[in-house]
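# Could you work out the structure for the sequence below:
(2 chains)
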There are 2 protein chains.
Amino acid sequence: MIPSEKQDEFRVPKRLQGMQKSNIRQIFDSALPGSINFGLGQPDLRTAECIRNEAIRVINEEPLGYTSHAGLPQLREKIVGEYPHLDITADDCIITVGSNEALFCALMTLCEEGDEVMVPNPAFPAYPAINNLADAETVLYRLPKEKGFGFDANEFEKVITDKTRAVIVLSPSNPTGRTLSKEDLQTIAKILEGTGIYAVSDEIYRELYFTDERPASISEFYEKTLVVGGLSKNMSMTGWRMGWLLGVPEAMKKALVVHGYNTVCASTITQKASLAYWTEDGKREEAEAREIYKSRRDLLVKLIDEELGLKAVSPEGAFYSMVDISEIGEEMDIVNKFLENRVITVNGLGFGDEAKGFLRISFCASEDDIREGIKRMKQALSI
Amino acid sequence: MIPSEKQDEFRVPKRLQGMQKSNIRQIFDSALPGSINFGLGQPDLRTAECIRNEAIRVINEEPLGYTSHAGLPQLREKIVGEYPHLDITADDCIITVGSNEALFCALMTLCEEGDEVMVPNPAFPAYPAINNLADAETVLYRLPKEKGFGFDANEFEKVITDKTRAVIVLSPSNPTGRTLSKEDLQTIAKILEGTGIYAVSDEIYRELYFTDERPASISEFYEKTLVVGGLSKNMSMTGWRMGWLLGVPEAMKKALVVHGYNTVCASTITQKASLAYWTEDGKREEAEAREIYKSRRDLLVKLIDEELGLKAVSPEGAFYSMVDISEIGEEMDIVNKFLENRVITVNGLGFGDEAKGFLRISFCASEDDIREGIKRMKQALSI
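Below is the predicted model of the structure:
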């Protein structure tokens, strides 16, 4: 039977309805030439040299066909070695097209219609969108601004329902740069224990920390965890699309099905070159990048305080700080003032209403640019 | 409210239920050392030299951060230029992580629960799996073996219902190597006209043709088409993950949302290096590969006839031929006999029941290997 002509308008499937557009693109599009960019969500540093050199060697010398869906076994073994507390093997790890595909695969594997997924407020705006694609409802848990966007057990616990299928745990955080302490993670584990709820732990910023100790992972305290990680931020590899998903074996088996029919495998060049991270040079270059960001952070937070007279969250990781501008004006007015004076910042509301009245300032910019940017912001505010 | 302990078993979401596992992996795992591989689904040739050289230049000289979600504008312009009959711009084209992600994005954008997607029988087994992930039902249309797996309008038309949302058009075909003629495509267009059904045209093998004319695209005859393409097969770039999706603007807008939240963007190195395809060297290397496959095809089909006394479909494109073994034994018995004599072939049933009694023989192997492989197959059959 051949149906009669259908409506001409595109029928949007349910999973794509009600997606909220971010205004970050608009902000970037309004930027003047010569602007200092405090809006960037990726390293301004070049990809680590050892990775670039290894990629060139691989292109010259090695076959460049598909890897297995899960990725190169020797690479997965290295990755799993980073989580010695987990009782898993390389079979329980998939190399993904950046950490974003890892998140996507995790939620497509865990969720179906009727499920709820808890997402921090504020947080990276991709979570609610991916939940939509996976037919799940997003339920936000507050990281209260009055606690400097720190963890609050009460806020977390009160939004759990019997529909909760998963909870996104994000540490260090985009946009706040805050990390969850061991005690926070233990509290989360205690609350989740016995509920059957999966933790999806986004650890893409884990190696960029400014504390004495490397941030802990919820997977150290809670078994039903899927870990999302990658080399994009610590090795300045955003364009290489190198991420991973690992954890609970029975979930990973199904995640591999999603991944295989989605992208087949991550770039073979990227995978082979990534092995260079697990060398002396790799770890040295990572440590150097960490020091660069730490020094920039110290400078930025100091200048925001001394020059602008504003309060900034002093981040423990990642490369973002949240600046409270609630007492000096409306978010978009301030963003636009800065734009006119050639400084790009991103308004907080895009990350959740908890961040209303804040701007996200990233320090993916040199120390000279940080000084110049703050100078321009100061000018903009005194006009 | 905290729910009580849930079942320990992993709850498989509906989109992942009833997925059929392919036995191709098993066949490969049983292969003896030194086997001739007629089972391969990817070029055995090295990635085209111009692409490798450009990738190395890019790694040495250029920034390697994210591209926009849709991909490099200049690359999208080149791609759209390959479809001069379409009234679209680079905005209606997305660079994807191989053609597989393009298929995935297309079906996630078009389908929702209750929809049917028509899939050729036989065909690449990923289609039904991706339909599952997109909550759509797969409905098969026969490409009858008695017509050499050619198109049959009656078989096509009779499975259309008012639930049909999309139809996969695959030319040249994996596993048969057959292409759809202009007349076939015009017939399809005529049948679909006015139904609102989308054609998803998988053209990943389009540049590997052995006919005088390059195969036509359904998009030349039918407006509601999304085209899936890429450089994996013609430029021997399977591990680079370079594909594209393009077509109807209102659908592409939504596909970009899926793609952006799925993989963000394809590898920047891959994208930048791919520009070398649109150079004299690029087109020359492509033509050379085409000649290599054509010569291998002629040899293979001849030897199957002369040495084995079997009938093989003479492919018009791609790098596969279907060999009829229905009169000499059961599929898996023959596959295993060949395996024991160190030749890897893949059984037809994995591509749909229409291909039962056939083996897929790929010619991603040198002419020497083809001769040796046929010799071993002959021995295996005479034991």
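# So which residues on the stretch 51-200 of chain A come close to chain B?
Selection of the stretch 51-200 of chain A residues close to chain B by C-beta under 8 Å from any C-beta of the partner chain yields A:52, A:55-56, A:59-60, A:63-67, A:97-98, A:100-101, A:104, A:108-113, A:126, A:129-130, A:133, A:157, A:160-162, A:164, A:191, A:194-196. For the C-beta atoms, the positions are set from N, CA and C on the backbone; glycine is no exception.
# And those residues, which of them are buried?
Buried by 16 or more other C-beta atoms under 10 Å in any protein chain shown: A:52, A:55-56, A:59, A:64-67, A:97-98, A:100-101, A:104, A:108-112, A:126, A:129-130, A:133, A:157, A:160, A:164, A:191, A:195-196, out of these.
# count of residues packed around residue A:198?
26 (other C-beta atoms under 10 Å in any protein chain shown).
# hmm, back to that, so which of the residues of the stretch 51-200 of chain A next to chain B belong to strands?
Those of these mapping onto strands are residue A:164, per DSSP state E.
# on that earlier part again, show me the buried ones among the residues of the stretch 51-200 of chain A next to chain B that map onto helices.
Secondary structure assignment by DSSP state H places A:52, A:55-56, A:59, A:98, A:100-101, A:104, A:108-110, A:126, A:129-130, A:133, A:157, A:191 of those in helices.
# did I read that right, residue A:200 in a helix?
No - remark: residue A:200 does not belong to a helix; assigned using DSSP: H, G, I helix; E, B strand; the rest coil, it is strand.
# In the sheet, which residues pair with it? Tell me.
Beta bridges link residue A:200 to residue A:168, residue A:226, judged by DSSP bridges.
# Tell me which residues touch it, please.
Residue A:200 is in contact with A:103, A:106-107, A:110, A:117, A:166-169, A:225-226, A:228, counting by C-beta atoms under 8 Å, 6 or more residues apart in numbering or on different chains.
# for chain A, what spans make up the helices?
With helices called from DSSP H, chain A shows them at A:24-29, A:49-61, A:73-81, A:98-110, A:126-133, A:153-157, A:182-192, A:249-262, A:268-274, A:280-306, A:331-340, A:367-382.
# list the helices and strands the shortest one packs on?
This means helix A:153-157. Here helix A:153-157 touches strand A:137-142, helix A:182-192, going by 3 or more C-beta pairs under 8 Å, 6 or more residues apart in numbering or on different chains; DSSP states H and E.
# ok, back up a step: could the helices of chain A be laid out in a markdown table, adding mean pLDDT?
Output for these, formatted as a markdown table (pLDDT from 0 to 100):
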| stretch | mean pLDDT |
| --- | --- |
| helix A:24-29 | 86 |
| helix A:49-61 | 98 |
| helix A:73-81 | 98 |
| helix A:98-110 | 98 |
| helix A:126-133 | 97 |
| helix A:153-157 | 98 |
| helix A:182-192 | 98 |
| helix A:249-262 | 97 |
| helix A:268-274 | 98 |
| helix A:280-306 | 98 |
| helix A:331-340 | 96 |
| helix A:367-382 | 97 |
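# For residue B:248, find the nearest of those helices.
helix A:126-133 (20.3 Å; C-beta to C-beta).
# So which elements touch the closest one?
In terms of contacts (3+ C-beta pairs under 8 Å, 6+ apart), helix A:126-133 is packed against helix A:98-110, strand A:116-121, strand A:137-142, helix B:249-262.
# mind listing what the closest residue to residue A:273 other than its chain neighbours touches?
Once flanking residues are discounted, residue A:273 sits nearest to residue A:55: 3.8 Å by C-beta to C-beta, 6 or more residues apart in numbering or on different chains. Contacts for residue A:55 (C-beta under 8 Å, 6+ apart) come out as A:269-270, A:272-273, B:59, B:269.
# what do you get if the cut-off is 7 Å, keeping everything else the same?
Neighbouring residues of residue A:55 by C-beta atoms under 7 Å, 6 or more residues apart in numbering or on different chains: A:269, A:273, B:59.
# Could you give the number of residues near the residue nearest to residue A:240 when sequence neighbours are not counted?
By the measure of C-beta to C-beta, 6+ apart, the closest residue to residue A:240 outside its immediate chain neighbours is residue A:270, 4.5 Å from it. Residue A:270 has 30 neighbours, counted by other C-beta under 10 Å.
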